[in-house]
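Novice: Curious how this folds, go ahead:
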Amino acid sequence: MDSIAFWDNVGISIRARKILQKLLAENPVLENIIRNADNVVEVHAALRNWVMPILKRNPAAESYYLNKSTDPEPEEKLSWQDLAAIRILDYIDNAGKEFPDQNIGGQLAQTNPFKMLWLATHKGSSGAEAAFFEDMLQLFRQLNDTQIRTHPTKSQVENWMKKYPSGLDPVVEELRQDNKKRIIRILIEKIDSGDISSRRYSFESGLSFANKEKLMNEWWLDSNFHLRFAIRSPELLNEMLDYTLTEETMKVLKKARRKGIPFFVNPYYLSLLNSYIPDYVVGADMAIRSYVIYSKQLVEEFGKIVAWEKEDKVKPGEPNAAGWIVPSYNIHRRYPEVAIFIPDTVGRACGGLCASCQRMYDFQSGRYNFNLDKLKPKRTWEERLPELLGYFRNDAQLRDILITGGDALMSSNRSLKQILDAIYKMALAKIEDNSLRAEGEKYAEIVRIRIGTRLPAYLPQRITPNLGKVLSEFKKKAQKAGIKQFVVQTHFQSPMEITFDSKRAVQLLLESGWAVTNQEVFTTAASRRGHSAKLRNVLNELGVLSYYTFAVKGFKENKTSFTPNSRLMQERMEEKIFGTIPKKDMDFAQHLLLHPQKIVESIKSLHKEAELPFLSTDRSILNLPGVGKSMTFRTIGITRYGRRILEFEHDPTRTHSPIIHKMGKVIVIESKSLDEYLKQLEEMGENPEDYAGVFGYTIGHTEPRMAMYEYPEYDYQITKEITNLEI
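Specialist: Residues are numbered from 1 along each chain as shown. A predicted model of the protein is given here:
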């Protein structure tokens with residue numbers, strides 16, 4: 001008996017049966033169809049006859065269902081009932097299809113929801129879980145208009161935002177100072193006892209505790225101190241948190257260590273987690289905590305984690321999943337215009353390890369770690385840089401270089417300056433090369449450089465005046481080499497990560513002439529009502545513009561932090577919408593990034609002029625497990641676990657590798673059901689009723705990128721040739 005046939009004969013739970021009874025009682029037409037059908041084929045035919053007339057009331061809905069719509073924002077013309085009708089028909093059209101599901105180790109997952117309803121009704125079987133029946137119950141409430149879509153008001157969103165303090169609030173700052181004192185006291189004890197030692201950070205004999213404490217506070221301003229004394233064990237982590245971690249959490253963390261998952265939490269970032277939690281900050285540090293504390297699923301899957309972004313699997317000299325040929329592990333590429341440059345050594349490390357890190361696959365393989373000695377390259381940068389950057393020089397379409405990792409700012413100022421100087425020389429050489437090429441045959445020149453770093457949040461002590469000087473001096477000369485856009489792309493996950501230290505770090509970056517943009521990952525804790533809106537608000541106060549809000553990548557290893565895409569769409573349509581910049585102010589907004597030194601006043605002016613609580617300059621996006629980013633999808637199926645199956649199209653607003661025309665649409669099976677997600681939110685203290693309607697967001701389109709993020713135009717015609725590509 002195959003696995004599908006096996007599950008067809010497995011009985012359903014009492015809770016599942018009760019939800020099924022409710023579903024049939026609320027839908028006499030559906031009950032009549034299922035009870036009178038001899039098989040699922042008859043169910044499908046009767047359902048289609050029932051639902052198609054509903055769909056035909058709206059030509060836009062029928063056009064979308066039949067894939068004839070050319071509307072870039074189709075959901076704007078579809079009613080809540082239309083969306084339900086389309087999903088039912090898509091479920092019928094895709095019934096019986098099987099897809100590899102890495103959430104269950106690559107086994108095939110089948111979508112056949114109406115067969116499961118028929119089996120459950122007639123035989124009490126199908127193996128479907130309660131989460132599946134809950135999703136189907138909500139679907140037919142949507143079809144029957146008994147589940148009404150209601151949008152929160154602006155004032156309601158602002159009230160949700162008030163739930164989340166920021167690290168700039170005086171009461172929170174006071175808590176962090178207490179945390180810092182506790183961590184410093186423990187570190188002093190560890191140094192005195194010899195448990196930890198450092199030649200650079202040590203005490204002279206006979207020094208009083210008060211003087212040791214004073215010295216520690218001076219060291220606290222040094223980023224190297226935090227890297228040297230980073231917490232690398234569950235026991236020390238628990239001690240630093242005043243032994244407040246539960247026994248179950250400690251079991252998970254100890255198992256993580258046995259499996260080889262690195263621990264690396266620097267003292268500064270740990271001071272942002274509260275051990276004692278007063279009423280006014282209950283749950284406020286949850287988004288931070290979920291980045292430090294590993295989940296049971298991550299620990300179970302470590303060693304079996306499959307790379308989500310297939311083009312990150314690099315074999316030098318061979319085409320990756322997108323067809324790009326790259327010369328080294330130092331270069332990753334998805335798109336024609338941009339490639340990622342990953343420095344050697346500390347460029348492949350970070351200021352800490354995020355539990356839902358997109359590079360966990362690389363930590364698993366050992367390519368990334370926190371043992372800097374192991375990361376030392378066999379050849380010097382002087383030898384390797386010209387060779388690696390020659391790839392950018394000799395490519396016809398590359399115009400944007402993103403230095404990241406790991407974390408780009410883990411490199412020393414000297415190493416970073418060496419990299420930037422080499423980029424400057426490469427950009428000049430590309431201009432010189434172009435002078436010998438005819439119009440229409442010229443290559444794209446470098447117009448944008450970005451630095452990817454989480455250190456303004458994780459370790460703001462790294463952002464120093466000397467670093468600002470390196471960045472400022474590079475910008476001045478790089479502008480002469482045609483580079484026009486200079487951006488630091490950072491990653492703040494929570495308003496609680498924004499402290500006076502991180503504010504100072506951002507100010508230094510802006511003063512150096514570099515704009516700062518943010519990428520948030522929409523984890524479960526970050527997806528709470530009003531949380532992302534508050535993050536945008538506080539970032540704007542610092543002069544930071546939001547760039548992406550990312551759906552969580554990965555499979556079962558990230559199940560705990562995964563947020564279903566329907567919630568990302570709900571946040572976009574019901575919360576982010578209140579930060580939409582009016583058309584009359586758009587021209588002003590498009591120039592914000594051009595003057596980083598003035599951006600704080602400019603954003604404040606725009607907030608006041610347009611009466612906006614924050615600026616929604618970000619796109620809500622999923623990095624596809626193939627090639628590219630997108631939020632253009634429709635829900636075509638659902639598993640017996642209640643996990644939705646989404647069919648994604650590639651982002652039509654940007655240029656891709658031509659390989660996408662062969663790849664076609666991309667299937668994503670979500671890591672958790674909406675039923676599980678809402679229960680998780682309830683455990684976090686949320687009211688599930690605040691998320692009413694989340695089940696109904698079943699299609700999406702990719703938002704257009706704001707003009708401020710577009711590449712500047714060339715004053716010449718570039719070639720259509722694509723180099724370094726093999727399909």
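Novice: A helix includes residue 200, no?
Specialist: No. Secondary structure assignment places residue 200 outside any helix; it is coil (DSSP: H, G, I helix; E, B strand; the rest coil).
Novice: Enumerate every residue touching it.
Specialist: 224, 228 (C-beta atoms under 8 Å, 6 or more residues apart in numbering). Heads up, the C-betas are built off the backbone N, CA and C, glycines and all.
Novice: For residue 227, see how far away it is.
Specialist: When C-beta to C-beta, to the nearest Å is applied, the distance between residue 200 and residue 227 equals 11 Å.
Novice: again with residue 532
Specialist: 30 Å.
Novice: Likewise for residue 271?
Specialist: Using C-beta to C-beta, residue 271 is found at 15 Å from residue 227.
Novice: do the same with residue 15
Specialist: When residue 15 is compared with residue 227 (using C-beta to C-beta), they lie 49 Å apart.
Novice: more neighbours, the two?
Specialist: More crowded of residue 15 and residue 227, by other C-beta atoms under 10 Å: residue 227, with 21 against 13.
Novice: Give me the pLDDT value at the residue of the chain positioned farthest from its centre.
Specialist: What lies farthest from the middle of the chain is residue 206; by C-alpha atoms, centre = their mean that is 49.6 Å. At residue 206, the pLDDT value in this model is 93.
Novice: now residue 345
Specialist: 66.
Novice: tell me the mean pLDDT for the lengthiest helix in the chain?
Specialist: Looking across the chain with DSSP state H, the single longest helix is helix 170-193. In this model, helix 170-193 has a mean pLDDT of 95.
Novice: Now do the buried residues in it.
Specialist: Of the residues in helix 170-193, 172, 175-176, 179-180, 182-184, 186-188, 191 count as buried by neighbour count, 16 or more other C-beta atoms under 10 Å.
Novice: List just the nearest of the residues you listed to residue 585.
Specialist: Nearest to residue 585 among these is residue 172, at 32.2 Å by C-beta to C-beta.
Novice: Which residue comes closest to that closest one once chain neighbours are left out?
Specialist: residue 165 (5.2 Å; C-beta to C-beta, 6 or more residues apart in numbering).
Novice: do the same with residue 726
Specialist: Residue 726's closest residue in space is residue 319 (C-beta to C-beta, 6+ apart), at 4.3 Å.
Novice: Return the residues in contact with that neighbour.
Specialist: Per C-beta under 8 Å, 6+ apart, neighbours of residue 319: 325, 725-727.
Novice: Neighbour-wise, give me the winner out of those.
Specialist: Highest neighbour count within those, by other C-beta under 10 Å: residue 725, with 19 neighbours.
Novice: My guess is that one contacts residue 333. True?
Specialist: No. With contact defined as C-beta atoms under 8 Å, residue 725 does not reach residue 333; the gap is 9.6 Å.
Novice: and for these two, which residues touch both?
Specialist: In contact with both residue 725 and residue 333: residue 324, using C-beta under 8 Å, 6+ apart.
Novice: returning to that earlier point: look at the residue nearest to residue 172 and say how many residues are nearby.
Specialist: Residues near residue 165, counting by other C-beta under 10 Å, number 19.
Novice: same deal with residue 340?
Specialist: Look at residue 340: counted by other C-beta under 10 Å, it has 19 neighbours.
Novice: Return the set of residues that bridge with it.
Specialist: residue 332, residue 402 (DSSP bridges).
Novice: Can you give me every residue that contacts it?
Specialist: Per C-beta under 8 Å, 6+ apart, neighbours of residue 340: 331-333, 402, 404, 452.
Novice: and if you look at residue 556?
Specialist: Contact analysis of residue 556 by C-beta under 8 Å, 6+ apart lists 102-104, 297, 300-301, 671.
Novice: and if you look at residue 138?
Specialist: 147, 674, 695-696.
Novice: Residue 155 now?
Specialist: So residue 155 contacts nothing (C-beta under 8 Å, 6+ apart).
Novice: go on, residue 197?
Specialist: The contact partners of residue 197, taken as C-beta under 8 Å, 6+ apart, are residue 191.
Novice: Quick check: the gap between it and residue 234.
Specialist: Distance of residue 197 to residue 234, computed by C-beta to C-beta: 21 Å.
Novice: go on, residue 509?
Specialist: From residue 509 to residue 234 the distance is 34 Å (C-beta to C-beta).
Novice: Give me the helices and strands touching the longest helix of the chain, please.
Specialist: Packed against helix 170-193 by the contact rule (3 or more C-beta pairs under 8 Å, 6 or more residues apart in numbering; DSSP states H and E) you find helix 209-219, helix 234-240, helix 267-270.
Novice: and with 6 Å instead?
Specialist: Contact partners of helix 170-193 among helices and strands, from 3 or more C-beta pairs under 6 Å, 6 or more residues apart in numbering; DSSP states H and E: none.
Novice: That helix vs helix 209-219, what angle?
Specialist: 110 degrees (axes from the mean of the first three to the mean of the last three C-alpha atoms, to 10 degrees).
Novice: Run the chain-centre distance for helix 170-193.
Specialist: In terms of C-alpha atoms, centre = their mean, to the nearest Å, the centre of helix 170-193 is found 31 Å from the chain centre.
Novice: what's that helix in contact with?
Specialist: 165, 196, 212, 216, 229, 240, 267, 271, 274 (C-beta atoms under 6 Å, 6 or more residues apart in numbering).
Novice: Can you read off the pLDDT for the fourth one?
Specialist: On the pLDDT scale, residue 216 is placed at 97.
Novice: How about residue 356?
Specialist: With respect to pLDDT, residue 356 scores 85.
Novice: With adjacent residues omitted, what lies nearest to it?
Specialist: Nearest non-adjacent residue to residue 356, counting by C-beta to C-beta, 6+ apart: residue 561, 4.4 Å away.
Novice: Could you check how far that neighbour is from residue 358?
Specialist: From residue 561 to residue 358 the distance is 12 Å (C-beta to C-beta).
Novice: Which one of the two is surrounded by more residues?
Specialist: Per other C-beta under 10 Å, whichever of residue 561 and residue 358 has more neighbours is residue 561, with 27 against 18.
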